[in-house]
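Asks: sequence plus predicted model, see below.
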Amino acid sequence: MRDVYNALVEIVGEEYVSFRKEELYFYARDPGLMPAHEPDYVVAPETTEEVQKIVKLANREKIPIVPMGAGMALTGLIIPLKGGIVIDMKRMRRILEVNEKARYAIVEGGTSQGALKSYLDRNYPNLRHSIPDAPPTVTIAANVVIHGQGRLTQQYGFNSDMVSGLEVVLPTGEICKIGSCSMSPSWFSKGPTLPDLSGLFLGWLGTTGIMTKVGLKLYPKKKMRDVELFVTDREDLIPEILFRLTHTEMVEDITAWFQPKPIIFQGNHHVTLYITGDTDEELEFKRKMVWDSVKEFRDNKDGGFMWILPAMKPTFLDMPQRSVTTFADVKKGGGFEYSGPIALIEKYPVLARKLVELGTKFKVAYSGMARVIGRSHAMMFGIAFTFNRADPDMMERVRKALHEGITFAFDQGGIPWKPTAEEQKMAMERMDPNTLKLMKMIKENLDPNGIMNPGNWEVN
Amino acid sequence: MDRLKFDEHLCTTCQTSDCLVKCQFINLDRETAHREVMKIIKGGDSSVLRDCVTCYACEEYCQWGNHPFYLITERREEKGILTASRAITNQWINMCEPQGKYKVGEIKEKALSCCFIGDLRRLARGKLFEDVRSSYILGPEFFCEVVYLHFAKPSVIRERLPKVIENINQLGIEQLICMHDECYGSFTSLAPAYGIEVNFQPIHYFEYLFEKLRDLKSEIKPLNIKAAYQRPCSSRLSPDKYPFVKEIFGLIGVEMVNRKYQGENALCCGEVLRMVAGYEVANDIQRKNVEDMVQSGAEYGVFNCPYCQMALSEKVYKKGIKPIHIIDLCKMALGEE
């Protein structure tokens, strides 16, 4: 054990390696419901070469390694289920390049969403990226590795669709470039027109390699941004409402949500939609298109737009949404977890009804939120519960509610998003055997010693 | 349950049918207007029940004080005719439901009603309010309920308003300075129309301001500005208080510019109507309103209702007119921030 520690110290320096109990305690858990499990070491590299050396060491010694961003996925993806080394990427936080005209950025694997947003706001006010509604400390690499979504997902798809290149340290220690950057100094494509190898890493939850650099597409940032809130008491209308809104192609981000508290939101479903423009005329044109698209529902009184008072607007316009943290502490005690199956938008009504049923059945506080992915191509349906960490009984009820919720979502044809280890198993049980076989071939070839984030996507 | 006091005979013999003839949103000649009024009274299917945008103005147009708007609202609810969507209507009903989250100051015989609007408490500062600032009520338990006229839900008013009045009575308040037109209208127009007894004396804050400014006359530095006044929908429930605007302006050296849309012809801010009558109607009202302010040569756009101010501030500011609440304008004349 001392040999591994010394080897790690040699790679990154004593200051950035630890097996002290108090630090292992922290790295053993995330804010969700998964049981904690301590790593043996925590190490924080600063360069790709240091990552490479750590991986080579781990592969040689057959020690599990778990790459970690901010650890905010809530589903235990960075909990070292089999111990080993947690590689905390946060020191690799440099923004290496912004190509303004080609609208992409290259960032290191530990760069946070907040850092990129703030850098762009300061230096490239006409550019933005698809920031997720998560704490700003969450990292860009972790977000794309779990197929995260963000504020531009309705327009451009999953945030992983916006990747424009990768640098990855493979489980066997090779540093590999993926996309246009594999043969060009420019990071404008993650694959096309070459064979798209990015799929060997995106969505694999850190089980096939460690992203040390990410190329990310940037998008125009308009001068003005506003929010509208459409409200209906009929969840069965939400799919059609979303279909019509996305048809306008005028909206930046669309979420549909419902929650029983505070009382102002009780009994209704809300569609939050953001519009942007460089001029008043552009903004108002888009607003008119949006209003007109749901005129039928307004006319027959099935829905209407809420007056968002100026005092409420900053909350809605906040990026990322800080109000999520308010919900996370509704029950006091700071427990919050959600499953976010990806499903067809037509499933919103049944999933919404199921969530209400689960809240009642398990006596837990809930909130439901669907983020539209693409032009109504799919949605992430967040089955969210808040709980008191000091109340084991409440935590157990939330676990059961989540399990029943995700099972129901699978039965409805959904697939998991950032699944817990248990949800991964449930997903693999339902997967086409040949798909599983292909996953196994990929995994065994890339990670012959099974050191990468073991316990996740365990095809065997 | 209190019923609306409505005198059918007054409408039958009315020679003008001003309530509908003067309406800025429904275009009817006198004869048709009279016919529609009678249909409404008899519980018939009047087009007015669908077309009314809830601007409240007919309450002022009726020279008999016969509450045509309250009747329209009653009939709409009886027939299940919604103004806004069910979801928005229920949202407003839920939002203002008493939940024990009210605030009460050191209550004296005279108290300020800040309704359910925190901004009104913020406005009640400085010399003008130093005697009464600490004696205030704020929260859903004291909410005047008038807004449910917009949503054609008088049953909510009938149910909740007596409790609001009881809550005020229990505090021993004898004089209630209403910081919002709606509250004043609720206690002086709506409650009597439904036979709900009010045991305290409602005072419109315009009257209060006028008296205080007269007391502080020596400290006033005339502002020497031109201002357009934005009259809110709820002021239609107390049109007798409208002349105070000119009086107050006179005391603080503000020239009230002539507008096309003022006095009886005023247009509301349009924002609540957006939920009720839609985007087009609201935008049209706001466009006309702001253009009218610009045409009038006003330097300031003066608001009575905080919600009107929220709705129109940015729009008038973009046109070079400074938005300000009338209380802040008075404070300015007293050299306060």
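Replies: Perfect, I can see it now. Residues are numbered from 1 along each chain as shown, chains lettered A, B, ... in the order given.
Asks: up against chain A, what does the stretch 201-337 of chain B have?
Replies: Neighbours of chain A within the stretch 201-337 of chain B, by C-beta under 8 Å from any C-beta of the partner chain: B:271-272, B:274-275, B:278-279, B:307, B:310, B:313, B:318. All C-beta spots, glycine's among them, are computed from the backbone N, C-alpha and C.
Asks: how does it look with 10 Å?
Replies: Neighbours of chain A within the stretch 201-337 of chain B, by C-beta under 10 Å from any C-beta of the partner chain: B:271-272, B:274-276, B:278-280, B:282-283, B:306-307, B:309-311, B:313-315, B:318.
Asks: for A:His129, what are its contacts?
Replies: A:103-105, A:107, A:113, A:116-117, A:120, A:140, A:150-152, A:159, A:162, A:216-219, A:221 (C-beta atoms under 10 Å, 6 or more residues apart in numbering or on different chains).
Asks: in strands only, show me those residues.
Replies: A:104-105, A:107, A:216-217, A:219 (DSSP state E).
Asks: pull the most distant pair out of these.
Replies: Largest separation among these by C-beta to C-beta: A:Val107 and A:Tyr219, giving 15.6 Å.
Asks: show me where the stretch 51-200 of chain B has its helices.
Replies: B:58-61, B:68-79, B:86-95, B:118-123, B:154-170, B:181-185, B:191-193 (DSSP state H, counting those that start in this stretch).
Asks: how's chain B carved up into domains?
Replies: B:8-79, B:97-208, B:216-333 (automatic domain parsing).
Asks: nearest to A:Arg353, of those?
Replies: Here domain B:97-208 is closest among the domains of chain B (C-beta to C-beta), at 24.8 Å.
Asks: start and end of that closest one, how far apart?
Replies: One end of domain B:97-208 sits 29 Å from the other (C-alpha to C-alpha, to the nearest Å).
Asks: just how off-centre is it within its chain?
Replies: Chain-centre distance of domain B:97-208: 13 Å, with C-alpha atoms, centre = their mean, to the nearest Å.
Asks: follow-up on the earlier one: counting neighbours, which of the ones in strands among the contacts of A:His129 comes out on top?
Replies: A:Val107 (27 neighbours; other C-beta atoms under 10 Å in any protein chain shown).
Asks: tell me the residue of chain B that sits nearest chain A?
Replies: Distances between chain B and chain A by C-beta to the nearest C-beta are smallest at B:Ser85, namely 3.6 Å.
Asks: just confirm that residue contacts A:Asp233, I think it does.
Replies: Yes: in this structure, B:Ser85 is within contact of A:Asp233 by C-beta atoms under 10 Å, at 7.9 Å.
Asks: mutual contacts of those two, please.
Replies: Counting by C-beta under 10 Å, 6+ apart, the shared contacts of B:Ser85 and A:Asp233 are A:268, A:301-303, B:91.
Asks: can you pick the most crowded of the residues you listed?
Replies: For the shared contacts of B:Ser85 and A:Asp233, counting by other C-beta under 10 Å, the largest number of neighbours falls to A:Gly303: 28 neighbours.
Asks: which phi and psi does B:Leu4 have?
Replies: Dihedral pair for B:Leu4: phi -70, psi 130, per degrees, to the nearest 10.
Asks: show me what contacts it?
Replies: Each residue near B:Leu4 by C-beta under 10 Å, 6+ apart is listed here: B:67, B:70-71, B:73-74, B:154, B:158, B:190, B:193-195.
Asks: neighbours of residue 296, just the number please.
Replies: By default, I'm working from chain A. Per other C-beta under 10 Å, the neighbour tally for A:Glu296 reads 14.
Asks: that's the wrong chain, I wanted chain B
Replies: 20.
Asks: contacts only, for A:Leu216.
Replies: Residues near A:Leu216 by C-beta under 10 Å, 6+ apart: A:98, A:103-107, A:111, A:116, A:129-130, A:140-141, A:143-144, A:159, A:162-165, A:187, A:190.
Asks: doesn't A:Ile383 lie inside a strand?
Replies: Yes: counting by DSSP: H, G, I helix; E, B strand; the rest coil, A:Ile383 is found in a strand.
Asks: check the gap between the closest residue to it other than its chain neighbours and A:Lys347 for me.
Replies: Leaving aside its sequence neighbours, A:Ile383 sits nearest to A:Gly405 (C-beta to C-beta, 6 or more residues apart in numbering or on different chains; 4.2 Å). A:Gly405 sits 13 Å away from A:Lys347, going by C-beta to C-beta, to the nearest Å.
Asks: neighbour count for the two, which is higher?
Replies: Between A:Gly405 and A:Lys347, counted using other C-beta under 10 Å, A:Gly405 has the larger neighbour count: 25 against 21.
Asks: tabulate the CA atom coordinates of the helix or strand containing the more buried one in CSV.
Replies: Here A:Gly405, judged by DSSP states H and E, is contained in helix A:392-411. Only the C-alpha atoms of helix A:392-411 are listed here, as CSV (Å, rounded to 0.1, in the frame of the first residue of the first chain):
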residue,chain,number,x,y,z
PRO,A,392,-33.3,6.7,7.5
ASP,A,393,-36.9,5.7,7.1
MET,A,394,-37.6,8.6,4.8
MET,A,395,-34.5,7.8,2.8
GLU,A,396,-35.7,4.2,2.4
ARG,A,397,-39.1,5.4,1.2
VAL,A,398,-37.4,7.6,-1.4
ARG,A,399,-35.2,4.7,-2.5
LYS,A,400,-38.3,2.6,-3.1
ALA,A,401,-40.2,5.4,-4.8
LEU,A,402,-37.2,5.9,-7.2
HIS,A,403,-37.0,2.2,-7.9
GLU,A,404,-40.6,2.0,-8.7
GLY,A,405,-40.5,5.2,-10.7
ILE,A,406,-37.6,4.1,-12.9
THR,A,407,-39.1,0.6,-13.4
PHE,A,408,-42.3,2.3,-14.6
ALA,A,409,-40.3,4.6,-16.9
PHE,A,410,-38.5,1.6,-18.5
ASP,A,411,-41.9,-0.2,-18.9
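Asks: where does chain B have low pLDDT?
Replies: Applying pLDDT under 70 to chain B flags residues B:1.
Asks: dump the residue contacts of B:Arg214.
Replies: By C-beta under 10 Å, 6+ apart, the contact list for B:Arg214 reads B:220, B:247, B:251.
Asks: top of those by neighbour count?
Replies: Counting by other C-beta under 10 Å, top hit in the contacts of B:Arg214: B:Leu251 with 19 neighbours.
Asks: correct me if wrong: that residue contacts B:Glu219.
Replies: No: using C-beta under 10 Å as the test, B:Leu251 is too far from B:Glu219 to be in contact (11.3 Å).
Asks: pull the contacting residues for the residue most central in space within chain A.
Replies: Taking C-alpha atoms, centre = their mean, the centroid of chain A lies closest to A:Gly148, which sits 2.9 Å from it. The contact partners of A:Gly148, by C-beta under 10 Å, 6+ apart, come to A:73, A:113, A:130-134, A:138, A:140, A:142, A:158-160, A:340, A:380, A:417-418.
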